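Engineer: Take a look and give me a structure for this.
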Amino acid sequence: MRGKGQKTIANVFLRYICLLAGGALMWLLVLVCIFIVLEASGEVLPANYAELWLNETAAEIRTASEVTENMIPPECTFGVYKTDGSWRYGTFSKELRELAWEHYEKNDANTGGRGYLRFLERDKGEVCIVNYRITMLYRNAFLRKWVPRADLLLVIGYVVLFLLHTFVVSRHFGKYMGARLAVLNEVTGEIRDQNLDFERTHSELKEVEEVLDSLHQMKEALKSSLHRQWNLEKGKEEQIAALAHDIRTPLTVIRGNAELLAEGELAEEEQEYNRDILQSVAIMEEYLEMLHEILQADRTEMENGSAQEDDEERQITCEALAGKMEEQARLLASARQCGITFRRGPLRGMVRGSESRMIRAFQNIVSNALDYSPPGKGIRIAFSNREEAGKAYLLAVVTDEGPGFSAEDLKYAAERFYQGDKSRSSKVHYGIGLHTARQFIMAQGGYLALENGEEGGAKVTLGMLLLTPGPCTALHGHRPVQY
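Structural biologist: Below is the predicted model of the structure:
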């Protein structure tokens, strides 16, 4: 939304200011009209009502044998004096008696804060002084009691209506601005969540539209930067992977020739040189394997962070998932020429998650177990359901017959690049398999647990959260180290 149809915040604010001022003037006019009507109908007495009353009753007060209250206007007081100033009777307070006579002698009708005085000389040689105020009054005695001044009610009513009107206008202004600024929160939220494919949004406010333009440009720049970074990293990985693959070819030739030489008759010194060559080739192959694992782990993390939508989650029964894991374990054990035994109890319930990632996590654990098992020994794998802390899981427990975990291993084995105690195996590991397995399984809602088996060896438990729990065995006794 661009062009002359846009508004500025200043224009919107000015519109609401005019609305506020117009409402204030409208309520003032409404109240004034109401009071004019009330005054015209006689329900509200005019401010000079006391003076008009006294003008009509002045002759009666002068000639009456005695001045009574019904001759005096409502809400007024009076006093009757002798010509020498001595008090006779009336409704004045003690303080006002002397004050009124002093003003009579000075012919001063204004008492300041006590109102005005009307002096009436009676035919009987007396002076009647009436104290009154110039203010609007209600004709109704009840209203006069509780609201002595009708004009004061007008002021109070106007203040209340003005405050109410201000509240309504300001609340409407707040909602209006909040709705127009909410789009900024939505856009910044999308950028924060790295969802950079959202559609361009617009605003009818010029200032907000300018901010949206800046955010859109920032989004495009960030998106372009991430794509460049992704392509750069991918290119580096491909180059390194190609280089590692190319290095394997001459290493294979060197290993083959060295092994052929070892089969022949060599002098003792030549045999020692040949063994050094084979050991060096083995170390270089281990370095290449480490490089392959690091590249695979980096690729996995990048897939987790930016392409999780490509690995669709789905539901699978515990029986079906355990069957696929058993098949993968048999393939790995067969390739390593290592024995493997399975134990599977009744499995119930459904698991929801990325099937490929759960199987890859399981493969990493099995691969580690096979690597750490001594020659001629095998590994044990058991599947079962179990309930822990009110949640049901499918457990895949892999136990090897190696030296087991040290105390340090139990604490750090699932950390990336942790290599642990080399005495566990003659093989070199680079601390990626368990770390990757933990990342995969935690994304599913499960956990990875490490402990030592009762009969020796390392024991790794992969717990996958069930979507539809069935009857499960509760967890009791020793708890393994969970991640």
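Engineer: so what does the longest helix seen in the chain touch, helix or strand wise?
Structural biologist: Counting by DSSP state H, the longest helix found in the chain is helix 206-263. With contacts defined as 3 or more C-beta pairs under 8 Å, 6 or more residues apart in numbering; DSSP states H and E, helix 206-263 has these neighbours: helix 150-192, helix 268-306. Placement of C-beta: from N, CA and C, glycine included.
Engineer: weakest of the ones you listed by average pLDDT?
Structural biologist: Of all the helices and strands packed on helix 206-263, mean pLDDT reaches its minimum on helix 268-306 (a mean of 73).
Engineer: Tell me the helix or strand right after that one.
Structural biologist: strand 314-317 (DSSP states H and E).
Engineer: Mean confidence (pLDDT) on the longest helix of the chain, please.
Structural biologist: Here the average pLDDT along helix 206-263 is 82.
Engineer: now that helix, how far from the chain's geometric center?
Structural biologist: The chain centre lies 36 Å from the centre of helix 206-263; the measure is C-alpha atoms, centre = their mean, to the nearest Å.
Engineer: quick one: which of the helices and strands packed on helix 206-263 is nearest Pro374?
Structural biologist: helix 268-306 (18.6 Å; C-beta to C-beta).
Engineer: Arg139 touches Ser41, doesn't it?
Structural biologist: No - in this structure, Arg139 is not within contact of Ser41 by C-beta atoms under 8 Å, at 9.3 Å.
Engineer: So which of the two has more stuff around it?
Structural biologist: Comparing Arg139 with Ser41 by other C-beta atoms under 10 Å, the one with more neighbours is Arg139, at 15 against 9.
Engineer: thinking again about what came up before, could you dump the helices and strands packed on helix 206-263 into a markdown table with distance to Asp371 and mean neighbour count added?
Structural biologist: Listed next are the helices and strands packed on helix 206-263 as a markdown table, based on distance: least, C-beta to C-beta, whole Å; neighbours: other C-beta atoms under 10 Å:
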| stretch | distance to Asp371 | mean neighbour count |
| --- | --- | --- |
| helix 150-192 | 41 | 14 |
| helix 268-306 | 11 | 14 |
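Engineer: Redo those helices as TSV? Include distance to Lys219.
Structural biologist: Formatted as TSV, these follow (distance: least, C-beta to C-beta, whole Å):
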stretch	distance to Lys219
helix 150-192	6
helix 268-306	15
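Engineer: between these, which one is nearest to Lys324?
Structural biologist: Using C-beta to C-beta, the nearest of the helices and strands packed on helix 206-263 to Lys324 is helix 268-306, at 19.6 Å.
Engineer: can you list the domains in the protein?
Structural biologist: 1-46+144-204, 48-134, 226-305, 311-482 (automatic domain parsing).
Engineer: Which of those sits closest to Met218?
Structural biologist: Between the domains of the chain, domain 1-46+144-204 lies closest to Met218; by C-beta to C-beta that is 7.2 Å.
Engineer: how distant is the closest one from the center of its chain?
Structural biologist: Centroid separation for domain 1-46+144-204 versus its chain: 29 Å, with C-alpha atoms, centre = their mean.
Engineer: who's Ile381 bridged to?
Structural biologist: Applying DSSP bridges to Ile381 yields these beta-bridge partners: Phe342, Val398.
Engineer: Distance-wise, check the residue nearest to the spatial centre of the chain relative to Asn195.
Structural biologist: For the chain, the residue whose C-alpha lies nearest the mean C-alpha position (C-alpha atoms, centre = their mean) is Gly189; its distance is 10.5 Å. Gly189 sits 9 Å away from Asn195, going by C-beta to C-beta, to the nearest Å.
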